[in-house]
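Q: let me see the structure of the following:
(2 chains)
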Amino acid sequence: MTTYVVRRVIESVALVLVVTIVTFALIHAAPGGPSILLDPNMSPADTERLRAVYGLDRPVVEQYVRWLGQLLRGNLGFSLGVGRPVSELMSTALPATLLLSGTALFVSLVLAIPLGIAAAVYRGTWFDQLITSISFMGLSLPVFWYGLILIIVFSITLPWLPAGGMFTPGRESFPDLLAHLILPTVTLATVNVAQLVRYTRSAMIGVLRQDYVRTARAKGVPAVRVVTLHAFRTALIPVVTLLGVLIPRLVGGAAVTESVFSWPGMGRLAISAAFRQDYPTIMGITLMISLIVVASNLVVDLLYARLDPRVSFR
Amino acid sequence: MRKFLIAILAAFVLLAPTTAVAQTQPSGGTFALPITDDPQMWPLVGGLFNILVNKALYSTLFRYDLATLEPVGDLVDTYEISADGLVYTLRLRGNVTWHDGAPFTSSDVIFTMGLWRNPEVPFFLRSNFRLVEEVSAPDATTVVVRLSQPQASFPSLLAYLTNMLPEHLLKDLTPQELVNPTTFLRNPIGTGPFKFAEFRAGAFVRLERHDAYFAGTPHLDALVYRVVPDANSQLALLQSGELDLVVIEAFQLEAIERNRSIQIQSVPIVRHEFIGINGSLPGLSDVAVRRALTLALDRQQILETVFRGRGQVATGPFPASMGWAFDATIEPLPYDPEEAKRVLEDAGWTLGGDGVRQKDGERLSFTILYDPGNPTRARTALIAQQYWAEIGVQTDFETSDYGPIVARIRRSPPEYALNPNYLITPPDPDGVANYYLSGSTVNSWVYQNPEIDRLFGVAATASDRAARQAAYHQIQAIIHDEQPNVFTVYPDEIQALSASVAVFPQAGFRDALAWAHLIQKR
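A: Below is the predicted model:
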């Protein structure tokens, strides 16, 4: 087990390094260059000066080595265009994203797992069909459209909820935060619930057909116990796999939802960094997200061992 | 049904605190407008999202009169120009304090102008002050600026985004640190009508009223800039009352013009729209071809459809809002496709078998480079393609983001053929010179005309308004003849204001924000 974990950690670090190299090469190959160098009023001499100040006049390989060297000293560098340390930008965006995605994920799990199980147990009934068709709709909703519709209905037509942002500037309070949280949470959760319901349902259906479940039933174990204890644990495996995908997204931020609702999170930070070709910020975000992807994959693999008796690590 | 009612009740309970707060709003009120990115609040760098905040936070020596766009004193009270036009004696207002209470004096001006002239410190408007030779301060409220040659636009350029900075807080910083003085920018200190209160990355900057503002106490309690990059979200926040001003493009009018909670204000600004021409390419270097491109394009139709009639057809790079410098006697070239064809025939461009005109093996076939994210420019490109096809000029499209487009058209030689674009310039026509001077780095049309260079020189140095006006009128006549670009429209700026706004100065919002103390809410 320990050797396995050590091996996986080493592999993961190597993978993250490759990701940063590829990203660095890609963003430097993208046309245009950082927007701070594109001001039409700026003289070429001043552009060159700025380029030199930020080390952008060095060869790309040297720039990467410098970036890596700084990183080892715990420094993610300075944003190009916003003029703040990347770590500062990320440390304000990350809590905002965690709050939004965390709430959305919590709401999704609480809704989706019982609904998915119920749909599986009452498979083929009108209830199952209703759940299935609603989750299909949820999956096919374009988020930017759905978010705007929610805004039009609940912020403009019925002026109940704020249309965007995380706080009312100058009047920050917990109820104010909650009011701002509702619409983006509903938007995000709708898509997540739809996905999770379908996974839970099909996993449960598969498991409910298996011999050991039939055996448990034959032994006279009450139906509720069969479903919640015997079947559900096995059915969780594919759901956990999906969580392995959803958790990095939790941190990476839901770019579209955050944009529609002007939520100051990681997804929007990534978009604006990409638009202004802010290399250090793009690198910082990429690094963090890839670290979390490999870490959550590792955790998911370890969870399999607990959930699935057929899996063991040697 | 009961559950539904409970849910509704719960929603009301949740919302109750926000509603209560809204009712106890102080009388001055908050005015909120969107910016597209986190502002740096550092006047040495450009970018609209920085500039808009700097306008209210800092002051300039001059600012633009809202009706005429002529420079009038901001931190400057009165000024004199020597007879030779070389020496400006600026007398500063005596009652100005920085937001931290320190007095504003001539040494702050010396310090700030020192930064503009220090080649070690990147400054995006440095070329505007290339003629400044010496700055001195005989006393605390007098500054004497000596220029190496007369520059009639000097006061106007001093009003253009050139905010004064506090010497007492910045004097010990190295040039390297001045690129981005992080400590200062955590609590920036200016002399503007609003002082810094709070910044939340990715969310907003909140400025509060500066009670000791020298030009009168501002009406508002606070000015808030919310970071909202998405245009649809901006409009949503305007309609829900969370923003008070969104500057929109004409195509967005339809979505909101019937909304009674929104008032629309159209104001002429110093902006011109054009289709940029790479004059170094075969075909496009021919004046006849460029004239034909303008003649064949129904610019009135572009004005009506793309700009919803808000603006006027352009005759050159000097918008009508420039006032005295604009020559209103020049008639825009008419929409006349037959004349366009004649012009091309006369110049030897004849129709080939494929319907495309050609001459000596060169075909009039070009690529229009545009950014599809901007419907104004995208629709202009589509319209131009159709009109030009009718006179045998074939075009196809290449799309890209705006940033890479700017980089490509600014390369030397530029890497494009035709490109719908726009420019917002200072209200003094000298601010346009750089775009048309031979060999200038921002002359992306590779336009070269020694007479234009000479006239811009004359107009820049003449101290007499009539002489300047004559030179600028001549420039407009030449540009009208040679059509270095297809000038399409001088669009108005369309301001969508919340109905709760009582007063927003009738000027472009960039200029109006330099007078932010005048903004009033109901």
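Q: going by C-alpha atoms from here, please, whenever you check contacts or count neighbours.
A: Will do.
Q: what about residue 302, how many neighbours?
A: Chain wasn't specified; assuming chain A. 17 (other Cα atoms under 10 Å in any protein chain shown).
Q: hmm, no, I was thinking of chain B.
A: If you count neighbours by other Cα under 10 Å, residue B:302 ends up with 20.
Q: tell me the contacts of the closest residue to it other than its chain neighbours?
A: Nearest residue to residue B:302, sequence neighbours excluded (Cα to Cα, 6 or more residues apart in numbering or on different chains): residue B:380, at 6.9 Å. Contact analysis of residue B:380 by Cα atoms under 8 Å, 6 or more residues apart in numbering or on different chains lists B:302, B:306, B:420.
Q: including secondary structure, could the residues you listed go into TSV?
A: Below are these laid out as TSV (DSSP: H, G, I helix; E, B strand; the rest coil):
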residue	secondary structure
B:302	helix
B:306	coil
B:420	strand
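Q: need these in a markdown table (columns: pLDDT).
A: Below are these laid out as a markdown table (pLDDT from 0 to 100):
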| residue | pLDDT |
| --- | --- |
| B:302 | 96 |
| B:306 | 94 |
| B:420 | 96 |
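Q: can you list the residues of the stretch 51-200 of chain B near chain A?
A: Applying Cα under 8 Å from any Cα of the partner chain, we find that the stretch 51-200 of chain B lies next to chain A at B:119, B:120, B:121, B:122, B:123, B:124, B:125, B:126, B:127, B:176, B:180, B:182.
Q: repeat the analysis, applying 6 Å as the threshold.
A: Contact residues, the stretch 51-200 of chain B versus chain A (Cα under 6 Å from any Cα of the partner chain): B:122, B:124, B:125.
Q: which elements pack onto the helix or strand of chain A with the lowest mean pLDDT?
A: Among the helical and strand segments of chain A, the one scoring lowest on mean pLDDT, DSSP states H and E is helix A:232-252, with a mean of 74. The contact analysis (3 or more Cα pairs under 6 Å, 6 or more residues apart in numbering or on different chains; DSSP states H and E) places helix A:232-252 against helix A:279-307.
Q: going by neighbour count, list what's buried in the helix it packs on.
A: For helix A:279-307, burial by neighbour count (16 or more other Cα atoms under 10 Å in any protein chain shown) applies to A:279-287, A:289-298, A:300-302, A:304.
Q: ok, residue A:32 - contacts?
A: B:403, B:404, B:407 (Cα atoms under 6 Å, 6 or more residues apart in numbering or on different chains).
Q: at 8 Å instead, please
A: Residue A:32 touches B:403, B:404, B:405, B:406, B:407, B:408, counting by Cα under 8 Å, 6+ apart.
Q: same check, this time on residue A:162
A: Residue A:162 touches A:155, A:179, A:180, B:237, B:240, B:242, counting by Cα under 8 Å, 6+ apart.
Q: my read: the third one touches residue A:155, true?
A: Same thing as residue A:180. No. Counting by Cα atoms under 8 Å, residue A:180 stays clear of residue A:155, with 10.5 Å between them.
Q: so what sits against both of those two?
A: Overlap of the contact sets of residue A:180 and residue A:155 (by Cα under 8 Å, 6+ apart) consists of A:161, A:162, A:163.
Q: the first one and residue B:241, how far apart?
A: So the one you mean is residue A:161. Distance, residue A:161 to residue B:241, using Cα to Cα, to the nearest Å: 11 Å.
Q: just residue B:474 next, same as before
A: Counting by Cα to Cα, the gap from residue B:474 to residue B:241 is 48 Å.
Q: tally of neighbours for the nearest residue to residue B:350 once chain neighbours are set aside?
A: Spatially, and ignoring its direct neighbours in sequence, residue B:350 is nearest to residue B:357 (4.9 Å; Cα to Cα, 6+ apart). By the measure other Cα under 10 Å, the count of residues near residue B:357 is 23.
Q: go on, the one 3 residues further on?
A: Residue B:360 sits with 8 neighbouring residues when counted by other Cα under 10 Å.
Q: do residue B:102 as well
A: Neighbours of residue B:102 (other Cα under 10 Å): 12.
Q: which one of the contacts of residue B:380 is nearest to residue A:70?
A: Checking the contacts of residue B:380 against residue A:70 with Cα to Cα, the nearest one is residue B:420 at 41.9 Å.
Q: for the closest one, name its beta-bridge partners.
A: residue B:275 (DSSP bridges).
Q: contacting residues around it?
A: B:273, B:274, B:275, B:276, B:368, B:369, B:370, B:377, B:378, B:380, B:381.
Q: rerun at 7 Å
A: When contacts are counted by Cα atoms under 7 Å, 6 or more residues apart in numbering or on different chains, residue B:420 is found next to B:274, B:275, B:276, B:370, B:377, B:380, B:381.
Q: JSON lines for the residues you listed, including distance to residue A:118 and pLDDT?
A: Shown next, in JSON lines, are the contacts of residue B:420 (distance: Cα to Cα, whole Å; pLDDT from 0 to 100):
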{"residue": "B:274", "distance to residue A:118": "62", "pLDDT": "97"}
{"residue": "B:275", "distance to residue A:118": "62", "pLDDT": "97"}
{"residue": "B:276", "distance to residue A:118": "63", "pLDDT": "96"}
{"residue": "B:370", "distance to residue A:118": "53", "pLDDT": "96"}
{"residue": "B:377", "distance to residue A:118": "53", "pLDDT": "94"}
{"residue": "B:380", "distance to residue A:118": "56", "pLDDT": "95"}
{"residue": "B:381", "distance to residue A:118": "55", "pLDDT": "96"}
